[in-house]
Structures are given as structure tokens and as C-alpha cells.
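A.B. asks: this one's structure only:
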């Protein structure tokens, strides 16, 4: 169940973070989404923010078709 929750959170972070223009904007949005998801699932909020922020920053490198 934990893997499913983390996978869903990562997918949501990448999907929503792709909507912003710069790496900084995507990173900030990803960090916020990661922190909120971690708080909602009673996980480590700092780790959620770090993972979400990193996912937001690299989403344009990993999926350029989604992060224009």
C-alpha cells in the first residue's frame, strides 16, 4: 500500500508540476505538492517536499513532451 501511495504522489507531482514554466516554479510547486501529500498520508513532510521538489525540477528533462 505504501508503494502505491508513493507512486500516486509522484505521478501527481510530475503531472501538476509540468504546468509551470521554469525549473524554480516547477520545483516550488512540486515541493508543495510533495509536502501536502506526505502530510495527508502521515509521512515525513520534509522528505515529501524534497522528493516533490526534485521531481518538479527534473520533469522537463525526463518528460519534455509534458513540460514545455
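C.D. replies: That came through, no problem. A quick note: this is a predicted structure, and the numbers were derived from the prediction, not measured. Numbers count the residues shown, from 1 in each chain.
A.B. asks: contacts and neighbour counts: CA atoms only from here.
C.D. replies: Fine.
A.B. asks: any idea which element residue 33 lies in?
C.D. replies: Using DSSP states H and E, residue 33 sits in helix 23-40.
A.B. asks: which other helices and strands contact the helix or strand just after that helix?
C.D. replies: Downstream of helix 23-40, the first helix or strand assigned by DSSP H and E is helix 45-62. Packed against helix 45-62, as judged by 3 or more CA pairs under 8 Å, 6 or more residues apart in numbering; DSSP states H and E, are the following elements: helix 2-17, helix 23-40.
A.B. asks: average model confidence for helix 45-62?
C.D. replies: Mean per-residue pLDDT for helix 45-62: 89.
A.B. asks: lowest average pLDDT across the helices and strands packed on helix 45-62?
C.D. replies: Mean pLDDT per stretch puts helix 2-17 lowest among the helices and strands packed on helix 45-62, at a mean of 66.
A.B. asks: list the buried residues for stretch 30-44?
C.D. replies: Of all the residues in stretch 30-44, those buried under the rule 16 or more other CA atoms under 10 Å are 30-38.
A.B. asks: residue 45 reaches residue 31, doesn't it?
C.D. replies: No. Using CA atoms under 8 Å, residue 45 makes no contact with residue 31, being 9.6 Å away.
A.B. asks: which one of the buried residues of stretch 30-44 is nearest residue 23?
C.D. replies: residue 30 (10.2 Å; CA to CA).
A.B. asks: go ahead and confirm the closest one touches residue 58.
C.D. replies: No. Residue 30 lies out of contact with residue 58 (CA under 8 Å); the separation is 10.3 Å.
A.B. asks: need the overlap of contacts for the two.
C.D. replies: Counting by CA atoms under 8 Å, 6 or more residues apart in numbering, residue 30 and residue 58 have no common neighbour.
A.B. asks: how about the contacts made by the closest residue in space to residue 50 that isn't next to it in sequence?
C.D. replies: Nearest in space to residue 50, with sequence neighbours left out and distances taken as CA to CA, 6 or more residues apart in numbering, is residue 31 at 6.1 Å. Taking CA under 8 Å, 6+ apart, we find residue 31 in contact with 48-54, 56.
A.B. asks: then residue 38?
C.D. replies: Shown in contact with residue 38 (CA under 8 Å, 6+ apart): 44-45, 47-49.
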